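> give me the fold of what follows.
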Amino acid sequence: MKKSLSFFLCSFLILSQMIWVNAYSFSTTLSAIDVIEPMESFSVMISVSNMPVSEAFESDLVFDKTKLTLQTVEEVNGGHSVFVGRRILIDFHEVKSGDMDLYALTFVPTESFVIGDCATIELKNPSVSDGWMDRFGFGSSTVVCMEEKDITPPEITIVPYDTRLTNQDVTVYATTNEGSLNQDSYTFTSNGSFTFVATDEAGNVSEVTVVITHIDKVNPVITLSEYSLIPTHEPITVFASVDKGTLNQESFTFVSNGSFTFVATDEAGNVSVHTVEITHILKTYQFSVHIVGIEDAIIFDTNLAIEGKSIHFETISSEYKIFSIKINGDILSRDTREILDIVSDIHVEIHVVLNGDVNHDGKLTSTDLVMIRRHLAGIIDLDDIALFSGDLNNDSRISATDMVVCRRKLAGLD
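Next comes the predicted model:
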């Protein structure tokens, strides 16, 4: 089982005796490794400076893999025996690094390191039994110890944010208990995800992905029901519906021309407006009628005075005649039977008489016949209304013919 531990270089170089003054430098370093179980390899790096590669390794430094060993260091680890026996060198290769020549040596231990244990890596030459004593005059060893490696990933904390539906950008903030973040915050302009990554000094990495699904920047859609565009004097009701959210009103009734704006608002705060303008409702004006004489003798085809429309009227029968007509105080011809192109309030005054009723009592009697005879005889004068009603044959004058017509009506012959 691999443990998340690493070697720590406690002592960089221990040099043995040196024979030549111009000895070349030699050192060992450790690469970061996690391999500590028996029969699993770990590596050290050997640095050789001021010595050409051809001189060092082609002719002078000859390594015998079977002779390179790791020795126990009793005094470093308090008497605990870490390595027992020979450790086998399984690999040896050159790694160039600037003006230094680095050589990687990989070993296979027979026992595991535990935290706090240390050991000496001692390089031996097959020609020398005490250390590495070659013609350059030195031997070398280095002490390595095992320390606990930080494998605990940093903790990422997401600052609480509003998860209610919104039509605004959402900024999410993050913090970490150690190390650094790839970003301290991220602003979402639309739904999606972002991963915060925290890395501590030991190289441990944590990730937290934030997924945003509550951004809604789409306005609601208002749909209007169909309504008639034909000019009318009736009220027009327009209905509206929306695909999401609510409306200020679901319908509006126009009783006159004008406009109304439907407003839809959804849960995220998006707003749509749709203005309806009505221009084809015909205005209805006030309409009043005053009948002088016989009130029930006139009939109208409507009781409404509608903008641009006409009003038609008639006597209920030929027994009645219209003596005078006034529209809004203006005198019109007696023959007028229609009020055209209404553009204002209408007040109608109509004076109606019964044909032959010269005494204005609303009936045709023998008294009317006597008055017509006396008028023809020059005994009495008739007023204008009487002259108009006494003209029974409608020839614009009273004559003996009118007496005959009156007598026949009284007799029930006409």
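
> A strand includes His290, no?
Yes. Using DSSP: H, G, I helix; E, B strand; the rest coil, the secondary structure at His290 is a strand.

> that one pairs with what?
Glu349 (DSSP bridges).

> pLDDT wise, what is it at?
For His290, the model assigns a pLDDT of 93.

> could you measure from it over to Lys309?
Distance of His290 to Lys309, given as CB to CB, to the nearest Å: 21 Å. Where you see a C-beta, it was placed from the backbone N, CA and C, and this is true even at glycine.

> and for Ile278?
18 Å.

> same thing with Thr237?
For Thr237 relative to Lys309 (CB to CB), the value is 22 Å.

> more neighbours: the two, which one.
Legend: neighbour count by other CB atoms under 10 Å for Thr237 and Lys309, higher for Lys309 (18 against 12).

> give me the three-state assignment for the more buried one.
coil.

> for it, give me its contacts.
His233, Leu282, Thr302, Asp341, Ile342 (CB atoms under 8 Å, 6 or more residues apart in numbering).

> okay, now the fourth one: neighbour count?
Spelled out, that is Asp341. 8.

> check Glu155 too.
14.

> and what of Ser272?
19.

> next: Phe188.
Neighbours around Phe188, by other CB under 10 Å: 20.

> just Pro154 next, same as before
20.

> one more: Ile331?
Neighbour tally, Ile331, other CB under 10 Å: 11.

> which of the helices or strands spans it?
Ile331 belongs to strand 330-332 when assigned by DSSP states H and E.

> surely Val273 is in a helix?
No. Counting by three-state DSSP, Val273 falls outside a helix, being strand.

> from Gly308, how far out is it?
Val273 is 32 Å from Gly308, where distance means CB to CB.

> got the contact list for the strand holding Ile331?
Residues contacting strand 330-332 (CB under 8 Å, 6+ apart): Ser324, Ile325, Lys326.

> quick check: phi and psi at the first one.
Recorded main-chain torsions at Ser324 are phi -150, psi 150, according to degrees, to the nearest 10.

> which non-adjacent residue is nearest Asn204?
Pro153 (4.3 Å; CB to CB, 6 or more residues apart in numbering).

> so where's the chain uncertain?
Residue ranges of the chain with pLDDT under 70: 1-149.

> domain assignment for it?
5-148, 156-212, 222-278, 284-354, 366-410 (automatic domain parsing).

> helix, strand, or coil at Ser206?
Reduced to three states by three-state DSSP, Ser206 is strand.

> return the residues in contact with it.
Contacts for Ser206 (CB under 8 Å, 6+ apart) come out as Pro153, Pro154, Glu155, Ile156, Thr176, Val197, Ala198.

> show me the helices in this protein, by range?
53, 366-376, 384-390, 400-410 (DSSP state H).

> closest one to Ala202 among the ones you listed?
When those are ranked by distance to Ala202, counting by CB to CB, first place goes to helix 53 at 35.0 Å.

> does Leu224 touch Val238 like I think?
Yes. Contact criterion CB atoms under 8 Å: Leu224 and Val238 qualify, at 6.1 Å.

> neighbour-wise, which of those two wins?
The residue with more neighbours, out of Leu224 and Val238, is Val238; 18 against 12, by other CB under 10 Å.

> quick check: the more buried one vs Val276, distance?
As judged by CB to CB, Val238 and Val276 stand 5 Å apart.

> before we move on, what about Thr261?
The value you get for Thr261 to Val276, if CB to CB is used, is 8 Å.

> higher neighbour count, those two?
Val276 (16 against 13).

> partners of that one in the sheet?
Phe260.

> separation between it and Ser228?
For Val276 relative to Ser228 (CB to CB), the value is 13 Å.

> equivalent analysis for Val205, please.
For Val205 relative to Ser228 (CB to CB), the value is 69 Å.

> more neighbours, those two?
Applying other CB under 10 Å to Val205 and Ser228 shows that Val205 carries more neighbours, namely 12 against 9.

> test my guess that the more buried one contacts Thr199.
Yes. Using CB under 8 Å, Val205 is in contact with Thr199, at 5.2 Å.

> before we move on, back to that, closest to Glu349 out of the helices of the chain?
helix 384-390 (14.5 Å).

> elements contacting the closest one?
strand 320-327, strand 346-354, helix 366-376 (3 or more CB pairs under 8 Å, 6 or more residues apart in numbering; DSSP states H and E).

> the inter-axis angle of the shortest one versus strand 346-354?
An angle of 160 degrees separates the directions of strand 320-327 and strand 346-354 when computed by axes from the mean of the first three to the mean of the last three CA atoms, to 10 degrees.

> now do the buried residues in strand 320-327.
Tyr320, Lys321, Ile322, Phe323, Ser324, Ile325 (16 or more other CB atoms under 10 Å).

> closest one of these to Ala400?
Nearest to Ala400 among the buried residues of strand 320-327, counting by CB to CB, is Lys321 at 20.2 Å.

> how long is stretch 201-221 end to end?
End-to-end span of stretch 201-221 (CA to CA, to the nearest Å): 53 Å.

> mind listing what's buried along it?
Result for stretch 201-221 [16+ other CB under 10 Å]: buried residues Ala202, Asn204, Ser206, Val208, Val210, Ile212, Ile215, Asp216, Asn219, Pro220.

> stretch 358-378 too?
Here stretch 358-378 shows Val358, Asn359, Leu364, Asp368, Leu369, Met371, Ile372, His375 as buried, counting by 16+ other CB under 10 Å.

> many thanks, we can stop here.
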